[in-house]
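Participant: Requesting a structural model of the entry that follows:
(4 chains)
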Number of protein chains: 4
Amino acid sequence: MSHHSFKNDYSFLAHRRVLEALLRLQDEENIAYGLDIHSDNAKKLIQNTFGAKDSEVYFLTGGTQTNMVFISYVLKHYEGVIAVESGHINVHESAAVEGNGYKIITVKGNNGKVTAKEIEEVTHHYNDEHMVVPKMVYLSNSTEIGSIYSLQELKDIYVVCQRTGLYLFIDGARLASAITSSKNDIPASYYGSLCDAFYVGGTKNGLLSGEALVINHPSLRVNFRNHIKNKGAMLAKGFVLGIQFEEVFKDGLYFELAKHANVMAEKVKEVLKEYPVTLYPSPTNQIFVSLNKKAALSLIEEFRLERWSENDSEITVRFVTSFMTNENDVSELKKFLDKLFK
Amino acid sequence: MSHHSFKNDYSFLAHRRVLEALLRLQDEENIAYGLDIHSDNAKKLIQNTFGAKDSEVYFLTGGTQTNMVFISYVLKHYEGVIAVESGHINVHESAAVEGNGYKIITVKGNNGKVTAKEIEEVTHHYNDEHMVVPKMVYLSNSTEIGSIYSLQELKDIYVVCQRTGLYLFIDGARLASAITSSKNDIPASYYGSLCDAFYVGGTKNGLLSGEALVINHPSLRVNFRNHIKNKGAMLAKGFVLGIQFEEVFKDGLYFELAKHANVMAEKVKEVLKEYPVTLYPSPTNQIFVSLNKKAALSLIEEFRLERWSENDSEITVRFVTSFMTNENDVSELKKFLDKLFK
Amino acid sequence: MSHHSFKNDYSFLAHRRVLEALLRLQDEENIAYGLDIHSDNAKKLIQNTFGAKDSEVYFLTGGTQTNMVFISYVLKHYEGVIAVESGHINVHESAAVEGNGYKIITVKGNNGKVTAKEIEEVTHHYNDEHMVVPKMVYLSNSTEIGSIYSLQELKDIYVVCQRTGLYLFIDGARLASAITSSKNDIPASYYGSLCDAFYVGGTKNGLLSGEALVINHPSLRVNFRNHIKNKGAMLAKGFVLGIQFEEVFKDGLYFELAKHANVMAEKVKEVLKEYPVTLYPSPTNQIFVSLNKKAALSLIEEFRLERWSENDSEITVRFVTSFMTNENDVSELKKFLDKLFK
Amino acid sequence: MSHHSFKNDYSFLAHRRVLEALLRLQDEENIAYGLDIHSDNAKKLIQNTFGAKDSEVYFLTGGTQTNMVFISYVLKHYEGVIAVESGHINVHESAAVEGNGYKIITVKGNNGKVTAKEIEEVTHHYNDEHMVVPKMVYLSNSTEIGSIYSLQELKDIYVVCQRTGLYLFIDGARLASAITSSKNDIPASYYGSLCDAFYVGGTKNGLLSGEALVINHPSLRVNFRNHIKNKGAMLAKGFVLGIQFEEVFKDGLYFELAKHANVMAEKVKEVLKEYPVTLYPSPTNQIFVSLNKKAALSLIEEFRLERWSENDSEITVRFVTSFMTNENDVSELKKFLDKLFK
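Facilitator: Numbering: from 1, shown residues only, chains lettered A, B, ... in the order given. Prediction:
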């Protein structure tokens, strides 16, 4: 291909600056297990960025791992976590949450988002001692279908959580795409007080790998490092993660990369609009489009798109932009669509 | 410090060539989840190197994770894994094996190594249906105290395992240090048939992170990738590991690095011998030395040594050499010891 | 109360003959852990009754335990079990299945019953290696809402299971109520070949406690006793269960008790029909009725009914009959309803 | 046999009075899940007997289950429980503790008993964040080899536990045999304050089954019933246990039965002394004796003894007395030994 695919946002190693930072520090000796100076710096930068000065920050390797490690730390085995049916933990993590011994209580959600009302209903319904005890709410921002929460929605959810004794945990695998969306009204600095824990995704935003888990709630930290190790998630060379997060947070590169992906997504949407396709509203770097099967299959092949769903006549496909998407990719898409629909 | 420490072999990011390989491939798009071409190449190189053409190779992120993922795949919850008391899984993994639901059956061992006789005894002893059922032997080569298995020892163990229905799994976090030891008599190419599974450690031998799990036994592979994901151990950017292993195996760099560390360890031992210390025999890159407490404490501080054990008069410390250890480090050690014992 | 409640079918110790059998054998010494002669006899009686001469039979203490022990034996942690949303394992077992590490994949069902079509759809949908792998179907007969499967329905389900590699497991906590229902068309003797495993419930049909798990599939038995012990479910005095099952199966008492409960349920329905209530169809010993709130609350109090659900104007309550329900209970119900609706 | 065996203390259904109590209450309707009046009465009797008025009491079905349920409630997966190597949880529970995800940290012990000194040493040794975190001490009284703790020993242990943040849990499968031993100096009424939790064994002392778990520590109770259910250990007919415990505690029958077994054990020891056997000291109802192999094998066959261990010339066997052992059994033993050694 003379262009990048639109398959996903984790098909390239890392932003060039991240790799250069690693090479630059090749001969520096560091303390192992995340107790190094780069991890410390990265933690401080993240605390400052997300209004989380009193929070603790832990670096983990991937999204599924982070969800599994944190949820298994918080819950007891008779407790459950509430999530939308389309939530990543419920669909695409090979039952890692249940595999570790915890039930997911699913709700329908609205546009990929759990609602305060649904949470409230769950707490009313699960009132019998033979039922699982709801203890946490899990949500993703941006969501698995590219939508984002408004400040009011998140506040309403957290109010219900606090009133009913539920912890609120935000999966931020694509947090940067939410924060830099043109539709977003939640400043990064609110996350330190808008939930009990969240994570800042690196894998899907320009790092080799790495997620920074930020725990706001003071009672959810005791021996957390032992727990990480117990789940096989403690990196010997923790500084590999610390250096990467330090690099992208020291001057805002982290948000630049996500902003770039979002801008590219807008351009892709502008292109798509001109053709006989159904474009679903999405304010972030994931774009969902339905079109006739033949065209869809061509697009899937050429741009390695994920096939999301289908009915008798149409296939819905997903476009994802990333820090690597460029103007040429958009032009090539336009050329391809021209041929396809001409 | 104007010299490197002797604390461990995972205090530096990676060998320069590894980092350069990553930078070189920065703008190459790859397939996610380890299904990329670099992972494929690395698998073939490893299959060839270890006489394991019919084996399957899986890349994971760290040693504890690899142990946890493989052991939890093989065992049922009423089954146990035999290991020496000093085995890594028994001591330094925060109970990750038990935390996932599997008992470790410990034996005393001999010089850090489990013996065929001990394994046989365990199979005789655990003969009651209310006891755990032994189903696997876990051993490390080189061991946690730097010793290595002879070919005869490993063969004897595998014979017992096969006769008694036990799987043999070799923790190769420091496999390269064993294979390149001057005392070693087990060619790399034997590992494909000397056990049911083993792993090829990258983290402790010049990679950013990464262990290559090689499964020889054909019945231990079904849905193994689902299992990896279920344990939170599937990297989205699997090619990060594939590229690194490809780089160090394409021309033998992997063994060069370990050989270098072993040679440096020999030099360290030569130096240590000249002072009033007790040097324990070790043919690999871990050196254990007992000396008077005052001297030990100075050494610990200057070279960031691990304190292994102590009695009333002496402390035993550990020196570890790595791909980064150089002649200057050895000279500085000598200078320091001169001052200390002068 | 001068009458029994209609709360459930486990409010009395056991049928008198069961208790007398125990007393009669008070001074008989037996072999522990279910290896006694009564357990053997009971196994043979159950094998004969259910057309399961080549099956294995294991006695466990309760329904949740039996579900947990068997499901955790069959599944790996990346595999899941399909069940209707209203399935006992999904609702009323405090997440015992997930707590042990296994995901439940829920389907809507029809009248409390999973359908062959739904199972087929699940196997199509869960086709990605990052999703849980469906491996078992769980269904209850009679169901949690009193309905029963027809022979055709069960056959259709088992055909799909066998074609798609799923094990079929039938929760028989109320199997006797299904088999003795006037609407039933599945002979007891078919169960040995209609599924891979099922259990014969004792707790809800006149025993102190006890469920007989019958495993038809020959590959699902290896070390099953070790597994039972590992889950804390092996009774030292296994003969307590063996003696009870022997007593009720030696001359058909088991089915007599269930038949009696079903007949009483018919009489209760006859009575209820005469009043302004909505009676839901149910061919077994659980009866669901909706009526105005005031009347419902009176009934709930007088007959200790379970409140099943409610809307703005009505409450749905559950009546359960048992081996202890008698004509007087029915008359008292009638008298009470007369007063209530007069 | 015209005599009972000395195989164990769980080969008979239950004391006659227990069975009669059940029969007497056959037609009494009760509330399910242990919320009945008999369970309440039994709890109060147990609280009074064991000086545990502020403690909570829960009825479970067997010893392994009780250990598994309580230990899994208290520990997190990176924490471990200290026990002697011969401890029941470590040897004869098919890895139920590890199977649920918790490491057992073993110590040698002294005469089957863990010592305060050993506990202290463990807390010093496990001081690294990559090691398991000791959090509980498990001990059995009487122990697995029939020995009992002195008051001073238990006090010393609890002092260390409280100072080092460990919970103390006493396995009382044979608590009655300890308390009624002629060597015992710990009144039953001390148990409410001598540990954080203990259980009062019924299975091995005249009940059909049943253990009463008494939790003294106020922070170890939240949602404990949900946890019991989650482990498949909640009996629908909880009153089956409540009625039994009520019967044996209402007038001291519980201790009478154990006292009887201990007295019978004394008589057995008096008999054994007269023959060429090595009798190990034991103040409770388990007696260990070494003798030549031929004689041992005869005894094992005639009295169904457990073979405990052996060396080249001798076998050590175990005699167990129970509430059913009588003078005739002792006489028959004497007659048999006369013949054997004549």
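
Participant: how much space is there between the nearest residue to A:Pro283 once chain neighbours are set aside and B:Glu301?
Facilitator: Closest residue to A:Pro283 apart from its sequence neighbours, by Cβ to Cβ, 6 or more residues apart in numbering or on different chains: A:Lys183 at 3.8 Å. (C-beta placed from N, C-alpha, C; glycine too.) Distance, A:Lys183 to B:Glu301, using Cβ to Cβ, to the nearest Å: 56 Å.

Participant: So those two - more neighbours on which side?
Facilitator: A direct count of neighbours by other Cβ atoms under 10 Å in any protein chain shown for A:Lys183 and B:Glu301 places A:Lys183 higher, at 13 against 9.

Participant: Quick check on the more buried one: phi, psi?
Facilitator: Per-residue torsions, A:Lys183: phi -90, psi 0 (degrees, to the nearest 10).

Participant: Can you classify the spatially closest residue to A:Gln47 that is not a sequence neighbour by secondary structure?
Facilitator: The spatial neighbour of A:Gln47 that comes closest, neighbours along the chain excluded (Cβ to Cβ, 6+ apart), is A:Lys53 at 5.1 Å. Here A:Lys53 is coil, with the state taken from DSSP: H, G, I helix; E, B strand; the rest coil.

Participant: mind giving me the domain split of chain A?
Facilitator: As given by automatic domain parsing, the domain ranges for chain A are A:16-249, A:253-341.

Participant: end to end, how far does the shortest one reach?
Facilitator: Length of domain A:253-341, first residue to last, Cα to Cα, to the nearest Å: 38 Å.

Participant: where's A:Phe288, which helix or strand?
Facilitator: Using DSSP states H and E, A:Phe288 falls within strand A:286-292.

Participant: Pull the residues that contact the next helix or strand after that strand.
Facilitator: Toward the C-terminus, strand A:286-292 is succeeded by helix A:293-303 as the next helix or strand (DSSP H and E). Contacts to helix A:293-303, defined as Cβ atoms under 8 Å, 6 or more residues apart in numbering or on different chains, come from residues A:1, A:3, A:5-7, A:277, A:291, A:305, A:307, A:310, A:313-315, A:317, A:319, A:333, A:336-337, A:340-341.

Participant: Which among those residues count as buried?
Facilitator: A:3, A:5-7, A:277, A:291, A:305, A:314-315, A:317, A:319, A:333, A:336-337, A:340 (16 or more other Cβ atoms under 10 Å in any protein chain shown).

Participant: Any stretches of chain A with poor pLDDT?
Facilitator: In the predicted model of chain A, residues A:1 satisfy pLDDT under 70.

Participant: For it, what lies in contact range of chain C?
Facilitator: A:77-80, A:91-95, A:98-104, A:128-133 (Cβ under 8 Å from any Cβ of the partner chain).

Participant: the helices in the stretch 201-342 of chain A, which residues?
Facilitator: A:224-230, A:239-249, A:253-272, A:293-303, A:327-341 (DSSP state H, counting those that start in this stretch).

Participant: wait, what's in contact with A:Thr325?
Facilitator: A:4, A:6, A:260-261, A:264.

Participant: so how far is A:Ile287 from it?
Facilitator: Going from A:Thr325 to A:Ile287 by Cβ to Cβ gives 11 Å.

Participant: What ranges does chain A have for its strands?
Facilitator: Using DSSP state E, the strands of chain A run over A:56-60, A:79-84, A:103-107, A:133-140, A:167-171, A:197-201, A:211-215, A:278-279, A:286-292, A:306-310, A:314-320.

Participant: Of these, which is nearest B:Asn205?
Facilitator: strand A:56-60 (22.5 Å; Cβ to Cβ).

Participant: Relative to that closest one, what are the paired strands and their orientations?
Facilitator: In the sheet, strand A:56-60 lines up against strand A:211-215 (antiparallel) (DSSP bridges).

Participant: so the strand it pairs with versus strand A:167-171, what angle?
Facilitator: Going by axes from the mean of the first three to the mean of the last three Cα atoms, to 10 degrees, strand A:211-215 is angled at 160 degrees with respect to strand A:167-171.

Participant: Please find the angle between the direction vectors of strand A:211-215 and helix A:239-249.
Facilitator: Using the same axes, to 10 degrees, the inter-axis angle of strand A:211-215 relative to helix A:239-249 is 80 degrees.

Participant: who touches strand A:211-215?
Facilitator: In contact with strand A:211-215 (Cβ under 8 Å, 6+ apart) are residues A:42-43, A:46-47, A:50, A:52, A:55-63, A:65-66, A:69-70, A:172-173, A:191-192, A:196-203, A:221, A:224, A:241, A:245.

Participant: Pull out the C-alpha coordinates of it and format them as PDB.
Facilitator: This file holds the C-alpha atoms of strand A:211-215, laid out as PDB (Å, rounded to 0.1, in the frame of the first residue of the first chain):
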ATOM      1  CA  GLU A 211      -1.100   2.600  30.400                       C
ATOM      2  CA  ALA A 212      -0.900   4.900  33.400                       C
ATOM      3  CA  LEU A 213      -3.400   3.900  36.100                       C
ATOM      4  CA  VAL A 214      -4.300   6.800  38.300                       C
ATOM      5  CA  ILE A 215      -6.000   5.900  41.600                       C
END
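
Participant: can you give me how far that strand is from the chain middle?
Facilitator: 12 Å (Cα atoms, centre = their mean, to the nearest Å).

Participant: What strands flank the strand holding A:Phe288, and is each parallel or antiparallel?
Facilitator: Here, using DSSP bridges, strand A:286-292 pairs with strand A:278-279 (antiparallel), strand A:314-320 (antiparallel).

Participant: Around chain B, which positions in the stretch 151-300 of chain A sit nearby?
Facilitator: Taking Cβ under 8 Å from any Cβ as the criterion, the stretch 151-300 of chain A approaches chain B at residues A:203-204, A:208-209, A:226-227, A:229-237, A:239-240, A:243.
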